[in-house]
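**Q** Next one to model:
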Amino acid sequence: MRKRVAIVGSGPTALYALQNLIKSKSPLAIVILEASDVAGKGTPYQRGINDPAMLSNIPSIEIPDLPETLVAWLAKQSEEYLSEFEIERIGISDRAFYPRVVIGDYFRAQFETIVALGEQANYTICVCERCQVADIAPSGSHFALKYGDDASIELFDYVIVATGHSFPSAPETSPGYFAAPWPATALHSIPSGKIGVLGTSLSAIDAVMTVATMFGRFDRNADGCLDYQIKDGHDGFEVSMMSRKGLLPEADFFFPIPYKDPLICTAQAVSARITLGSSGLLDDVFDLFRQELLVADPEYARLIGLEGLTVDTFATAYYGVRDKCDPFEWAASNLNEAKQNYLAKHTVGWRYAILITHEIIETAVSYFTAEDLDRFNRSFKSIFADDYATVPHLSIERLIALRKANRLNIVKLGDRSEIVTDNVERGATVTFEDGTLQFDTLIDATGQKTLSADDLPFPSLHDARLISQARTITPRGNSIRTGGIDVDEQCRPLIAGIKPVRRLYIPAVSYLLHKRPFVQGITSAAELGKIVAESIIADVTRPARSRRAAEAARSAKARAIEFV
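**A** Numbers count the residues shown, from 1 in each chain. Model (predicted):
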């Protein structure tokens, strides 16, 4: 009999899992259960959830292998499609950036191709759209899923929970206060006026562009610069982006792809240090990082006084130069530098060193003591996100155009700020170190929050005690909760933090951020999808005798869990 695999969700992680599953030597029966009306796109790229003004920050060259590259797919699109998104055919490039919804259309096309390839290879693949999974329950050596309007219950041998990003479907939690900028259609009800946006990253820029294109338009002038023109009746439109540091992200910079290997802060060096134990791990990893940076860019190291910095002081020096400049002046200068470097194909050494070490350093995070995890999160973590989450040049140009039109401000909140929505007719009041601001509308665009085990919406998994809240250890041997779900290296949840639940996989990024803070992005989705698919294939293709023995042992111990 074919082994049955259920994939809950159909975004990029599911896409790459499916692509790898159809490489199995034993054909499978795969059911893909997608809650939205279109499978194969994912929340960050779905139409309606995202506005056409929202740009993706991953170019074709960085998208892991799919049946067709983004550039090749775009080249086949009609003039009508390209003009809808202001894409010039002559300008299609493997390093260009495109609207999120365009990436979604591309992923949908790749999804359809992968499904077709799987069916040609004798896999049974069923795609169920508008299909919400209500519960997952262990049942002997299987898992029973309850889903769909008719609450169908079916048994599966393997389950992959690839629900990806998680945001409220109705983000306006009080009049004029939006807990997230998605779905973008919810923002279309916002009236022009004083609008506050929490955050200054690409998610916040997306929110700003959604409202900015509602109340005005961007046009190229004769000099090639971007201008912003307000529409009639919206003269009161003004937006303030707010963050702790009050800094804008930097423009995408040129670097070699695939990544070059670091010279000192290598995967082998960090792994070797991990084996020595958690005590002092963060400081030792930082020392490897510091040596890497010194070799990669001695002049930058001298400029920031790298040799005298610690893991606790590095971020202050890293942001120090930008922090002393007007954010828009810095953005204009940085954009010009980035454009020149692209033309010259020049890579800035220190930027690239941070980029190629961030995933290596991430492998140590789950081994930090509670104290070191707090130190890491407090300062050091942010410099990696700042470096790898640079934004499209067009995004910076649009921000500068809004500023020139006196429609955009940047507010530095500092370490102490408070948002008050009580006793406010609409919007919110923001109190911070330098004063108080009142907004007609406030949008929290600070990105995906780490979800806890309690947030996983499948009660029978909780009843069976198969899901554990992730924890880390204090220097005194006590444990504290970190948020997220405890999983092993194959993304299988750990019972009591120790024993993996076989055949159940949770590669959903919102539950993994505590352990893998840099897991967001297409490359991470591809990695997670491959990990869970290879784990399933390895299990399916084990010799039949050992598999039957293992299943008999599990069945003897298993207790079927009834749905509530």
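**Q** What pLDDT is listed against Ser166?
**A** You'll see Ser166 listed with a pLDDT of 68.
**Q** ugh, typo on my part, it should be Gln448
**A** For Gln448, pLDDT reads 71.
**Q** Looks like it contacts Thr163 (just checking).
**A** No. Taking contacts as Cβ atoms under 8 Å, Gln448 lies outside contact range of Thr163: 11.8 Å. Using the backbone N, CA and C atoms, a C-beta is placed for each residue, glycine as well.
**Q** Could you name every residue contacting both of these two?
**A** Ser510 (Cβ atoms under 8 Å, 6 or more residues apart in numbering).
**Q** Neighbour count for the two, which is higher?
**A** Thr163 (24 against 18; other Cβ atoms under 10 Å).
**Q** Next one: that one relative to Leu512, how far apart?
**A** 12 Å (Cβ to Cβ, to the nearest Å).
**Q** what does Glu534 give?
**A** Counting by Cβ to Cβ, the gap from Glu534 to Leu512 is 17 Å.
**Q** Please say which of the two ends up with more neighbours.
**A** Leu512 (22 against 16).
**Q** Now for the more buried one: which residues touch it?
**A** 484-485, 487, 491, 519.
**Q** got the residue ranges for the helices in the stretch 151-300 of the chain?
**A** 184-187, 202-215, 267-274, 281-296, 298-304 (DSSP state H, counting those that start in this stretch).
**Q** buried set for the first one?
**A** Going back to what we said before, that points to helix 184-187. 184, 186-187 (16 or more other Cβ atoms under 10 Å).
**Q** What lies in contact with it?
**A** 48-51, 54, 170-172, 178, 181, 206-207, 210-211, 214, 443.
**Q** how about a cut-off of 7 Å?
**A** 48-51, 54, 171-172, 178, 181, 207, 210-211 (Cβ atoms under 7 Å, 6 or more residues apart in numbering).
**Q** Those residues into a markdown table, with extra columns for distance to Asp65, neighbour count and pLDDT?
**A** As requested, the contacts of helix 184-187 are arranged in a markdown table below (distance: Cβ to Cβ, whole Å; neighbours: other Cβ atoms under 10 Å; pLDDT from 0 to 100):
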| residue | distance to Asp65 | neighbour count | pLDDT |
| --- | --- | --- | --- |
| Gly48 | 28 | 14 | 86 |
| Ile49 | 26 | 24 | 86 |
| Asn50 | 24 | 27 | 90 |
| Asp51 | 29 | 24 | 91 |
| Met54 | 25 | 24 | 92 |
| Pro171 | 35 | 18 | 89 |
| Glu172 | 40 | 17 | 91 |
| Phe178 | 37 | 27 | 95 |
| Pro181 | 31 | 31 | 91 |
| Ala207 | 32 | 29 | 95 |
| Thr210 | 32 | 25 | 95 |
| Val211 | 37 | 24 | 96 |
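**Q** Of the residues you listed, which belong to strands?
**A** 172, 178 (DSSP state E).
**Q** Mind putting the contacts of helix 184-187 into CSV with distance to Leu456?
**A** Below are the contacts of helix 184-187 laid out as CSV (distance: Cβ to Cβ, whole Å):
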residue, distance to Leu456
Gly48, 25
Ile49, 21
Asn50, 25
Asp51, 29
Met54, 28
Pro171, 21
Glu172, 25
Phe178, 24
Pro181, 24
Ala207, 27
Thr210, 30
Val211, 33
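**Q** Show the contacting residues for Ser382.
**A** Contacts of Ser382 by Cβ under 7 Å, 6+ apart are Ala315.
**Q** Quickly check the contacts of Leu512 for the two that are furthest apart.
**A** Ile485 and Val519 (12.8 Å; Cβ to Cβ).
**Q** Which one's more surrounded, these two?
**A** Just comparing Ile485 and Val519: by other Cβ under 10 Å the higher neighbour count belongs to Ile485, 26 against 20.
**Q** Please name the residues that touch the more buried one.
**A** 453, 456, 467-468, 470, 493, 506, 511.
**Q** hmm, 6 Å instead?
**A** By Cβ atoms under 6 Å, 6 or more residues apart in numbering, the contact list for Ile485 reads 453, 493, 506, 511.
**Q** Which pLDDT value goes with the nearest residue to it once chain neighbours are set aside?
**A** Ranked by Cβ to Cβ, 6 or more residues apart in numbering and with sequence neighbours excluded, the top spatial neighbour of Ile485 is Tyr511, at 4.3 Å. If you check Tyr511, the pLDDT there is 91.
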